[in-house]
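Colleague: Provide a 3D model corresponding to the input given below.
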Amino acid sequence: MSQSAQSDPRDASLEAPLTLPKSWKKDVEGLSAISMFVSGAVMVSRNRYLAWPALIVAIAGYVTSRPMRQKDGGQGFSGIVFALAAMFTAYLPMFILPPIEHTGNQVPLPA
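Modeller: As a prediction, this is how the structure comes out:
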């Protein structure tokens with residue numbers, strides 16, 4: 001079990017800094033991901049009050065994003081389109097469904 005000093009993995013002089021490949025993206029588009037998540041939650045729950053923040057976050061994510069090349073995906077408008085679809089889903093029942101009319105002829109609850 002004899003090891004030389006050069007092959008000792010605990011030697012601090014043999015450490016190399018971590019470098020990521022250049023092909024990896026270094027910036028993460030967090031606002032776009034948050035906007036997509038909130039827009040999906042709006043579509044499932046039809047909560048109108050979450051649709052507006054989803055749209056605002058999507059626009060902010062688009063404004064602050066760096067320009068992408070076409071081979072990188074080029075999906076800058078996807079968050080905005082998804083937020084608009086969430087708003088459409090949330091507000092559509094207001095225009096399609098008729099308002100509920102309350103009549104005075106209600107059956108009393110049994111006591």
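Colleague: average pLDDT for stretch 65-74?
Modeller: Averaged across stretch 65-74, pLDDT comes to 61.
Colleague: Revised request: answer the last question for stretch 41-60.
Modeller: On average, stretch 41-60 scores 90.
Colleague: Pull the residues that contact it.
Modeller: 31-32, 34-35, 38-39, 79-80, 82-87, 89-91, 93 (Cβ atoms under 8 Å, 6 or more residues apart in numbering). C-beta coordinates here come from the backbone N, C-alpha and C atoms, glycine included.
Colleague: export that stretch as PDB, just CAs?
Modeller: In PDB, the C-alpha atoms belonging to stretch 41-60 read as follows (Å, rounded to 0.1, in the frame of the first residue of the first chain):
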ATOM      1  CA  ALA A  41     -52.400  27.200 -12.000                       C
ATOM      2  CA  VAL A  42     -54.800  29.800 -13.300                       C
ATOM      3  CA  MET A  43     -56.000  27.400 -16.000                       C
ATOM      4  CA  VAL A  44     -56.600  24.700 -13.500                       C
ATOM      5  CA  SER A  45     -58.300  26.800 -10.800                       C
ATOM      6  CA  ARG A  46     -59.800  29.600 -13.000                       C
ATOM      7  CA  ASN A  47     -58.700  32.100 -10.500                       C
ATOM      8  CA  ARG A  48     -59.000  35.500 -12.200                       C
ATOM      9  CA  TYR A  49     -56.800  37.300  -9.700                       C
ATOM     10  CA  LEU A  50     -53.700  35.200 -10.400                       C
ATOM     11  CA  ALA A  51     -54.000  35.700 -14.200                       C
ATOM     12  CA  TRP A  52     -52.900  39.400 -14.000                       C
ATOM     13  CA  PRO A  53     -49.700  38.700 -12.000                       C
ATOM     14  CA  ALA A  54     -48.900  35.800 -14.400                       C
ATOM     15  CA  LEU A  55     -49.200  38.200 -17.400                       C
ATOM     16  CA  ILE A  56     -47.100  40.900 -15.700                       C
ATOM     17  CA  VAL A  57     -44.300  38.400 -14.800                       C
ATOM     18  CA  ALA A  58     -44.400  37.000 -18.300                       C
ATOM     19  CA  ILE A  59     -43.900  40.500 -19.800                       C
ATOM     20  CA  ALA A  60     -41.200  41.200 -17.300                       C
END
